[in-house]
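**Q** Curious how this folds, go ahead:
(one chain, ligands or ions: 2)
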Amino acid sequence: MAKKPISKNNQQNKAQKETKTTPPTTTSTKPQTEQAPPKKTTPQKPTLQKPKEKVLDNLSILKTSPYIQQKRESKANQKPNSLKELFEQNLLSQKEERLEIVLTGQYERALDLMFEADASNLYPILVGPPGIGKTTLCRYYAQSRAEITGNDSFEWITFDESTKPAHLIGSFNPATTIQKGFSFEAFNSGPLIKAMLNGGLFLANEVNRATEYTQNSLLEPLEERTLSVPHIGRVKASSGFFFIGAMNPSELVGTHRLGEALKDRFNVWIELDYPDKKTEMKIIEHNNPYYKVEESILEKIYLIINRTRTHHQIQTPASLRSGIALARLTGVAQKRNASEEPNKILRNLASNVLYGAIQTKPGVKTKDVINNIIAQVLGSI
Ligand SMILES: Nc1ncnc2c1ncn2[C@@H]1O[C@H](COP(=O)(O)OP(=O)(O)O)[C@@H](O)[C@H]1O
Ligand SMILES: [Mg+2]
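**A** Ligands and ions are numbered 1, 2, ... in the order given. Here you go, the predicted model:
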């Protein structure tokens with residue numbers, strides 16, 4: 001990686017030297033061409049100089065990005081040379097990783113409800129389509145709760161078909177078990193038991209993607225605030241233990257139904273939907289630390305994304321992530337191509353973002369729907 005720019009510079013220096021010597025007089029070039037006609041010194045000049053002035057390459061844009069610069073300042077002159085050093089340097093503690101989010105509209109109400117559920121020992125569950133901010137809100141709640149209570153124990157699991165009860169509870173290390181038997185020393189605690197014993201918060205993310213067998217292992221902690229660990233015993237949760245669920249609506253493909261028994265244990269249902277225009281535009285801006293786009297373009301980005309949610313031929317619309325991606329790309333593309341009309345840039349990039357982000361109804365071509373939406377929002381060419 002480090003070698004490339006050096007050789008590029010060398011090439012450029014060479015080219016500059018060549019250009020410095022050649023242009024002053026036409027006579028000076030003559031002998032060169034006569035002596036060595038195949039030397040392509042003159043045709044190379046324009047191709048090497050042009051990119052330097054007109055098109056900024058991605059790396060140079062990244063290097064000048066305000067976000068990267070901030071990070072770079074704090075890490076100036078540090079050149080880690082082993083993966084272990086890199087690991088240690090990049091290891092995050094929960095305290096360091098302070099999350100800031102947009103807290104207006106539905107997010108503010110949801111956060112209040114989570115606090116109220118926590119205070120009354122009731123278990124809430126956030127329900128909403130993918131990418132509307134369920135996980136983000138839970139992480140923010142965990143952080144706020146830690147600030148208030150001084151207890152920063154926060155554990156979470158994102159469930160899927162292959163999640164087993166042992167992933168929640170823990171398991172015995174075979175080698176230690178052979179030496180010491182089924183004792184606590186041989187037991188690797190899982191995240192649920194950690195949160196319970198620490199009186200912390202446990203997030204069961206995408207809980208309805210778990211099989212009913214795994215879902216059932218949550219019944220005892222939620223009902224009794226206890227957990228049975230095979231061979232060791234039954235432990236009770238320390239005071240302060242709190243449990244939040246999050247899931248996509250069960251009608252979405254790839255989800256199991258939330259079992260009736262577990263459903264009954266969640267007593268506060270918090271529904272989140274695509275946010276209002278103002279909130280979504282704020283979220284898009286908030287998540288674009290690179291090159292900002294102006295308000296009118298931001299609004300067009302929102303309109304494109306929002307149109308996917310009302311379009312009759314779309315089955316799965318675009319989430320907040322698509323708006324964020326489109327804003328970031330547009331910002332950088334504008335920087336690279338300052339003379340290009342912003343609408344044209346947006347028109348070109350929209351399909352790159354939307355193509356995999358939406359799912360159309362059977363028999364409908366994704367490209368056609370995207371073109372239709374772009375034409376509706378930006379007008380036809
Ligand atoms: N309230 C918010 N403030 C700032 N960014 C948000 C907010 N809600 C969601 N996001 C951003 O939207 C994206 C999707 O959010 P996420 O929490 O992963 O959604 P979900 O869990 O519902 O699939 C993330 O990139 C996240 O940073
Ligand atoms: Mg999520």
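**Q** From here on, just use CA atoms for contacts and neighbour counts.
**A** Noted.
**Q** contacting residues for residue 378?
**A** 300, 343, 347 (C-alpha atoms under 8 Å, 6 or more residues apart in numbering).
**Q** With ligand 1 as the reference, measure out to it.
**A** Distance of residue 378 to ligand 1, computed by C-alpha to the nearest ligand atom, to the nearest Å: 24 Å.
**Q** quick one, phi/psi of that residue?
**A** With angles defined as degrees, to the nearest 10, residue 378 sits at phi -100, psi 0.
**Q** By neighbour count, which of the contacts of residue 378 wins?
**A** Among the contacts of residue 378, the one with the most neighbours (other C-alpha atoms under 10 Å) is residue 347, at 21 neighbours.
**Q** which is the next helix or strand following the helix or strand harbouring it?
**A** Using DSSP states H and E, residue 347 sits in helix 342-354. If you walk from helix 342-354 toward the C-terminus, the next helix or strand you reach (DSSP H and E) is strand 359-360.
**Q** Which secondary structure elements does that next one sit against?
**A** In this structure, strand 359-360 makes packing contacts with strand 314-316, helix 366-378, judged by 3 or more C-alpha pairs under 8 Å, 6 or more residues apart in numbering; DSSP states H and E.
**Q** List the buried residues in the longest one.
**A** Buried positions in helix 366-378, judged by neighbour count with 16 or more other C-alpha atoms under 10 Å: 366, 369, 370, 373, 374, 377, 378.
**Q** my read: residue 239 touches residue 199, true?
**A** Yes: Residue 239 is in contact with residue 199 according to C-alpha atoms under 8 Å; the separation is 5.3 Å.
**Q** more neighbours, those two?
**A** When residue 239 is set against residue 199 and neighbours are counted by other C-alpha under 10 Å, the residue ahead is residue 199, at 19 against 12.
**Q** show me the contacts for that one.
**A** For residue 199, the contacting residues are 151, 153, 237, 238, 239, 240, 241, 242, taking C-alpha under 8 Å, 6+ apart as the criterion.
**Q** Apply 6 Å and report the result again.
**A** Contacts of residue 199 were listed using C-alpha atoms under 6 Å, 6 or more residues apart in numbering, and they are 238, 239, 240, 241.
**Q** Could you give the number of residues near the third one?
**A** Using other C-alpha under 10 Å, residue 240 has 18 other residues around it.
**Q** Same check on residue 113?
**A** Residue 113 has 16 neighbours, counted by other C-alpha under 10 Å.
**Q** so which of the contacts of residue 378 comes closest to residue 272?
**A** When the contacts of residue 378 are compared for distance to residue 272 (C-alpha to C-alpha), residue 300 wins out at 23.3 Å.
**Q** Please, which helix or strand holds that closest one?
**A** With elements taken from DSSP H and E, the one containing residue 300 is helix 295-307.
**Q** per-residue pLDDT, residue 3?
**A** In this prediction, residue 3 carries a pLDDT score of 40.
**Q** Spell out which parts of the stretch 201-350 of the chain neighbour ligand 1.
**A** Along the stretch 201-350 of the chain, the residues adjacent to ligand 1 under the rule C-alpha under 6 Å from any ligand atom are 283, 320, 321.
**Q** Output these as TSV; include the columns pLDDT and neighbour count.
**A** As requested, those are exported to TSV (pLDDT from 0 to 100; neighbours: other C-alpha atoms under 10 Å):
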residue	pLDDT	neighbour count
283	98	21
320	97	20
321	97	19
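**Q** Helices - which of the residues you listed land there?
**A** Among those, the members falling in helices (DSSP state H) are 283, 320, 321.
**Q** coming back round to it: in CSV: the contacts of residue 378, plus pLDDT.
**A** Written out in CSV, the entries for these read as follows (pLDDT from 0 to 100):
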residue, pLDDT
300, 97
343, 91
347, 92
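**Q** what is residue 205 paired to in the beta sheet?
**A** Judged by DSSP bridges, the bridge partners of residue 205 are residue 158, residue 246.
**Q** Would you mind confirming that it makes contact with residue 158?
**A** Yes: when contacts are counted by C-alpha atoms under 6 Å, residue 205 is listed as touching residue 158 (4.5 Å).
**Q** Neighbour count for those two, which is higher?
**A** More crowded of residue 205 and residue 158, by other C-alpha under 10 Å: residue 205, with 23 against 15.
**Q** Report the separation between the more buried one and residue 244.
**A** With distances defined as C-alpha to C-alpha, to the nearest Å, the gap from residue 205 to residue 244 amounts to 8 Å.
**Q** Residue 317 too?
**A** Distance, residue 317 to residue 244, by C-alpha to C-alpha: 26 Å.
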